[in-house]
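Student: Okay, predicted coordinates and the sequence, questions at the end:
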Amino acid sequence: MLIIYKITISNCDRVYIGSTKNFKQRKYQHIDYAKHYFNPNQQLYYIIREYGGWENCLMEIIEENTTIDREQYWIDYYKENIININQPTGMTDEEKKIRRKINSKRHYDKLKEDNEKLKKRQEYAKQYYIKQKEIKNKLNNEPK
């Protein structure tokens, strides 16, 4: 059985209707995507970021223990204000290509930066371990 839920964004007349078996897990997934997802076709996350982030959203259960056809009922019910995440955000194909390139570059740069930080941490840990070993050896070799 499914849970049908609605995401409402403050100061925006648009809503998103979704379904899930695990509401809590799906909520955390939406929060993560709203903060980190770069696909320009994901209109929901684009709008969430445009209106100040997840802090301005309310995700609530509107039906429990139901079937998938009820999700369509709610999509039809909110038809005028629905956010269809599969629709582009008004960008031309050329704009989408440019946006993908920019986001891919950002993602690559972020991964590169994270990798460099990790290498520095590993080097620091290695130096710390060597220093601790030297101190321990020095203490063990001192006359008592």
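Tutor: Arrived safely, thanks for sending.
Student: which SS state does the closest residue to Tyr33 other than its chain neighbours fall under?
Tutor: Sequence neighbours aside, Tyr45 is the residue nearest to Tyr33 in space, at 5.3 Å (criterion: CB to CB, 6 or more residues apart in numbering). No exception for glycine: its C-beta is placed from N, CA and C like everyone else's. Under DSSP: H, G, I helix; E, B strand; the rest coil, Tyr45 falls in the helix class.
Student: pLDDT wise, what is Tyr45 at?
Tutor: We have a pLDDT of 84 for Tyr45.
Student: where does it sit relative to Gln127, distance-wise?
Tutor: 41 Å (CB to CB, to the nearest Å).
Student: what about the two, which has more around it?
Tutor: Each of Tyr45 and Gln127 has its neighbours counted (other CB atoms under 10 Å); Tyr45 has more, 24 against 10.
Student: That one touches Ala34, doesn't it?
Tutor: Yes - Tyr45 lies in contact with Ala34 (CB atoms under 8 Å); the separation is 5.1 Å.
Student: Between these two, which contacts overlap?
Tutor: Listed as contacting both Tyr45 and Ala34 by CB atoms under 8 Å, 6 or more residues apart in numbering is no residue at all.
Student: how far is stretch 23-40 from where the chain is centred?
Tutor: Mean-position distance between stretch 23-40 and its chain equals 4 Å (CA atoms, centre = their mean, to the nearest Å).
Student: how's this protein carved up into domains?
Tutor: 2-81, 91-144 (automatic domain parsing).
Student: highest average neighbour count across those domains?
Tutor: domain 2-81 (a mean of 15; mean count of other CB atoms under 10 Å).
Student: What's the end-to-end length of that one?
Tutor: Using CA to CA, to the nearest Å, one end of domain 2-81 lies 23 Å from the other.
Student: how about the helices of the chain, start to end?
Tutor: 23-36, 43-50, 68-77, 93-141 (DSSP state H).
Student: right, and these - which one's nearest Lys6?
Tutor: Nearest to Lys6 among the helices of the chain is helix 68-77; the distance by CB to CB comes to 7.1 Å.
Student: what does that closest one contact?
Tutor: Here helix 68-77 makes contact (CB under 8 Å, 6+ apart) with Leu2, Ile4, Lys6, Ile17, Gly18, Ser19, Ile62, Glu63, Ile82.
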